[in-house]
Structure formats: C-alpha cells, structure tokens
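Asker: curious how this folds, go ahead:
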Amino acid sequence: MLEVGDGHRLYYEHCGNPDGLPVVFMHGGPGSGCSPQHRRLLDPDRFRAVLFDQRGCGRSQPRGALVANTTQHLLADIESLRAHLGIDRWLVMGGSWGSSLGVAYCAAHPERCLGALLRGIFLTGREDIDWFFRGAGALAPEAWATLAAGVEGVYGVEPERLAAQVLSAVHAADAAVAARAVRHWMAWEGALSAPGLAPLPVPAMDAEAMLAAIDKYRVQAHYLAHACFLGEEAVLGMAGQLGAMPVCILHGRLDLVCRPVNAWRLHEVAGGSRLLFVDGAGHSPFDAPMSRAIIDALHGFHLHGDFRSIALHENR
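Answerer: Prediction:
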C-alpha cells in the first residue's frame, strides 16, 4: 500500500524481473481494478511489471471514495508510485479507460515514458457515453430494453435520458435502487460482449459482492458524469502532444463498448502511433486474438524499443 494523500492508500503490485523492462499497467473502468489475469499478459522474464488499483478502486482504500478522486489526482498518484519504486522511465500500458489515462499521463510526463501500448480506445466524451447507454441499443434491443426497465424511474422515458438516469440511480441514497441499477448495468455490459449480443441474466450477488459492485460503479458514474475530468477534445489534444513517442493502438473490430472509430481518430493525431484493428476481438483484453496482439506488441517493444516489428495497419 502507498499513501498518496487525501486519506487515500493505493494498492500496487511489483512483479516479474527486477532487471526487466519497466511497464506500468493502467486498468479500465473507471472504477475497476487489476486482476491476476492482467499479470498474465506480461512475461515475468522480460518485464518489471507494476500494476495498481486507482483511487477508490479494487483493493485501494477507502474503496469507493469519491472525495479527492479525479484524473489529476490519478496522474499525481502514478508519479508518486514511479518515484517510490525508483523507476526512471517505463512503458505505459492501458486499456479502455486505462487508454485515456495512459494518454493523459504520457502527455503530462513524456520524459518518464518509453512509449505507450493502448487498447480499446475510450475518448471520455459525450459521444462515447451516449453510444454506450443509447446508440449500442440499436444493435442489442432486447438487452437495452432490460437495462431501461431495470433502472428505477427509467421505463418509458426518452432514450436520450437513459445515461443520466442510470448514473443518478447508482448514486441513489436508497441502497436497493443503487443495487438494482448496478446489476442491470453489469448485465448490459456483458450483453455487448456476448456472442450474438444475446441478453444476459441480471446477476445475483451476495451482500459483500453487491457492496463491492456498488462501490465500483459509483466511482465509474462519478467519472462518467464529469467526462472523466478530460473530455474527447482534451484526450485527442494530449495525443497530439506525444510527438514521435512510440505508440501502439490495438482495437477489436467487434468492440461494441468503445467504438473502433475512436482508435482511428487517436491514430490520426498521435504522430508516432501504429494501429492494429484486431480481427475476432471485442472489448476484452482476454479475447484470444487480442491477448495475442498485446503479447506480440509487448515482446516487439522489448526487442526493439518500439513497435516496428508488429504487422500493423498504417494510414501513413
């Protein structure tokens, strides 16, 4: 645990080869956390891996805390962790929300970054949030109707109000209302990654698991309600500041959580980037084609210090 101020303590893991290439992993969400599966993407013989749970997330304390919890706080935390571990420069690795945070960190501290491996690009703007809570419903109407009907006070309202209703319900003082919203949000996320976009059962959870899920989604709702304290214009502007920094962008062609066009737009402004749309992969880093692409990109960077060895799509 690392004390980072404001009453927050960060959980982190430092693993692999102490003499290996340093890599810092930034998890998605916002609000999620790291898992043993994430470590499996990083060869312990080649890499000195650092994984951490962001403020209020996972095993960091206090879990679910929203006070002093913004992107600027997270950027300062990453620098505190780097200094604490005595790492001069590292490769930045992040997916989904972690890709947005990775871009922001690289732009704020380019002298500390060897490069960036970014997956499942999330630009944090209104278009991304509207797509997730409304636009994707055109592709999975049954699952979307279940989400709408499952959030207190939402059934029958205009579709464009759904995002605001869900985010509000997750923060409801009534724990039953919050739990219902969270369970339906989880089912909706799962449906967007399910074969055939089939609606999934709304998960049942014991009390402890439900409290953890509410904490997670309250952090996520806090960030989404504030465009992750960034916004699309800011993320693309930061990407444009990366210059010749080696950047590899991986995005599943079947990703319905974060649209593939996000990756294309980021690639167009990040001058040193290379882009691969991964066939057969959705949003998860653990879809087999995406896992292979991540591992190949990491090993290529370990060998060359850039991503030139990877068979990537180029628009330059």
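Asker: what are the ranges of the helices in the stretch 151-300 of the chain?
Answerer: With DSSP state H, counting those that start in this stretch as the criterion, the stretch 151-300 of the chain has helices at 162-170, 175-193, 207-225, 232-239, 260-269, 288-304.
Asker: can you lay out these as JSON lines showing distance to G125, mean pLDDT and mean neighbour count?
Answerer: C-beta here means a position set from N, CA and C on the backbone, and glycine is covered the same way. Shown next, in JSON lines, are those (distance: least, Cβ to Cβ, whole Å; pLDDT from 0 to 100; neighbours: other Cβ atoms under 10 Å):
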{"stretch": "helix 162-170", "distance to G125": "12", "mean pLDDT": "91", "mean neighbour count": "21"}
{"stretch": "helix 175-193", "distance to G125": "19", "mean pLDDT": "92", "mean neighbour count": "20"}
{"stretch": "helix 207-225", "distance to G125": "11", "mean pLDDT": "96", "mean neighbour count": "19"}
{"stretch": "helix 232-239", "distance to G125": "3", "mean pLDDT": "98", "mean neighbour count": "20"}
{"stretch": "helix 260-269", "distance to G125": "9", "mean pLDDT": "97", "mean neighbour count": "20"}
{"stretch": "helix 288-304", "distance to G125": "24", "mean pLDDT": "95", "mean neighbour count": "18"}
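Asker: out of the ones you listed, flag the one nearest L21.
Answerer: Of all those, it is helix 288-304 that lies closest to L21, at 5.4 Å by Cβ to Cβ.
Asker: let's see the closest one as CSV, backbone CA atoms only.
Answerer: C-alpha atoms of helix 288-304 as CSV (Å, rounded to 0.1, in the frame of the first residue of the first chain):
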residue,chain,number,x,y,z
ALA,A,288,-7.8,-14.7,-27.5
PRO,A,289,-6.9,-12.6,-30.6
MET,A,290,-6.5,-9.5,-28.5
SER,A,291,-4.3,-11.3,-25.9
ARG,A,292,-2.0,-12.5,-28.7
ALA,A,293,-1.8,-9.0,-30.2
ILE,A,294,-1.0,-7.5,-26.8
ILE,A,295,1.7,-10.1,-26.0
ASP,A,296,3.2,-9.7,-29.5
ALA,A,297,3.3,-5.9,-29.2
LEU,A,298,5.0,-6.1,-25.8
HIS,A,299,7.6,-8.6,-27.0
GLY,A,300,8.3,-6.5,-30.1
PHE,A,301,8.8,-3.4,-27.9
HIS,A,302,11.1,-5.4,-25.6
LEU,A,303,13.2,-6.4,-28.6
HIS,A,304,13.4,-3.1,-30.5
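Asker: tell me which other helices or strands it touches.
Answerer: Counting contacts by 3 or more Cβ pairs under 8 Å, 6 or more residues apart in numbering; DSSP states H and E, helix 288-304 is packed against strand 21-26, strand 113-119, strand 247-252, strand 273-278.
Asker: distance of L66 from G115?
Answerer: Plainly put, L66 is 32 Å away from G115 if you go by Cβ to Cβ, to the nearest Å.
Asker: ok, those two, which is more surrounded?
Answerer: Of the pair L66 and G115, G115 is the one with more neighbours under other Cβ atoms under 10 Å, namely 22 against 16.
Asker: was I right to think the more buried one contacts I249?
Answerer: No - judged on Cβ atoms under 8 Å, G115 makes no contact with I249 at a distance of 11.6 Å.
Asker: kindly check the end-to-end length of stretch 279-290 for me.
Answerer: Start-to-end span of stretch 279-290 (Cα to Cα, to the nearest Å) is 8 Å.
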